[in-house]
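Enquirer: compute the structure for the input listed below.
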Amino acid sequence: MLTHIGTNTFETERLLLYRWAIVLKETGECIGSAFQCKGYATEATKAIIRFSFERMNLHKVQICTKEINIPSKRVIEKCGFIYEGMLRDYFYMNGEYVGRLYFSILQSEQKSKMP
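Expert: Residues are numbered from 1 along each chain as shown. Prediction:
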């Protein structure tokens with residue numbers, strides 16, 4: 001059963017995670033292009049997964065990304081999510097249609113897939 005815990009702020013080794021923001025502890029900066037490819041998104045995603053299963057007692061966490069967003073797809077796969085499928089032509093961007101990829105991880109899979 002889902003445990004409702006309200007809005008929370010929590011932290012990892014390097015990050016503070018707020019409702020809709022990830023903030024670097026040392027600089028106070030939100031994640032932007034200058035901070036990509038440093039492992040912050042992976043660290044934040046793993047923390048959110050742990051929080052979802054351990055504090056909220058969720059059974060499943062789902063995540064999605066645009067099919068053209070290769071860096072996001074790498075983060076999702078590094079965090080142990082399993083590909084479930086694509087909604088074809090979901091977004092219309094720059095004159096073309098782009099699919100939306102869906103991934104999930106179950107509570108029972110979390111510990112075996114994440115350090």
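Enquirer: burial count for residue 16?
Expert: 15 (other Cβ atoms under 10 Å). For the C-beta atoms, the positions are set from N, CA and C on the backbone; glycine is no exception.
Enquirer: what is the mean pLDDT for the one helix or strand it maps to?
Expert: Using DSSP states H and E, the element containing residue 16 is strand 15-17. Mean per-residue pLDDT for strand 15-17: 71.
Enquirer: okay, now the sheet partners of it, with direction.
Expert: Here strand 15-17 is paired, per DSSP bridges, with strand 10-11 (antiparallel), strand 22-24 (antiparallel).
Enquirer: confidence-wise, which of these is weakest overall?
Expert: strand 22-24 (a mean of 56).
Enquirer: which secondary structure elements does the following helix or strand past that strand contact?
Expert: Using DSSP H and E, the helix or strand that follows strand 22-24 in sequence is helix 40-54. Counting contacts by 3 or more Cβ pairs under 8 Å, 6 or more residues apart in numbering; DSSP states H and E, helix 40-54 packs against strand 10-11, strand 15-17, strand 22-24, strand 60-66, helix 70-78, helix 107-113.
Enquirer: report the contact partners of the residue nearest the centre of the chain.
Expert: The residue lying closest to the centre of the chain (Cα atoms, centre = their mean) is residue 45, at 3.9 Å. Each residue near residue 45 by Cβ atoms under 8 Å, 6 or more residues apart in numbering is listed here: 63, 75, 76, 79.
Enquirer: scan those and report the most crowded one.
Expert: Counting neighbours by other Cβ under 10 Å, the top entry in those is residue 76, with 24 neighbours.
Enquirer: residue ranges with poor pLDDT in this structure?
Expert: Counting by pLDDT under 70, the chain shows low-confidence ranges at 1-8, 18-25, 27-35, 111-115.
Enquirer: before we move on, the earlier item: now for the contacts of residue 45, which pair is the farthest apart?
Expert: Greatest spatial distance among those (Cβ to Cβ): 63 and 75, at 9.0 Å.
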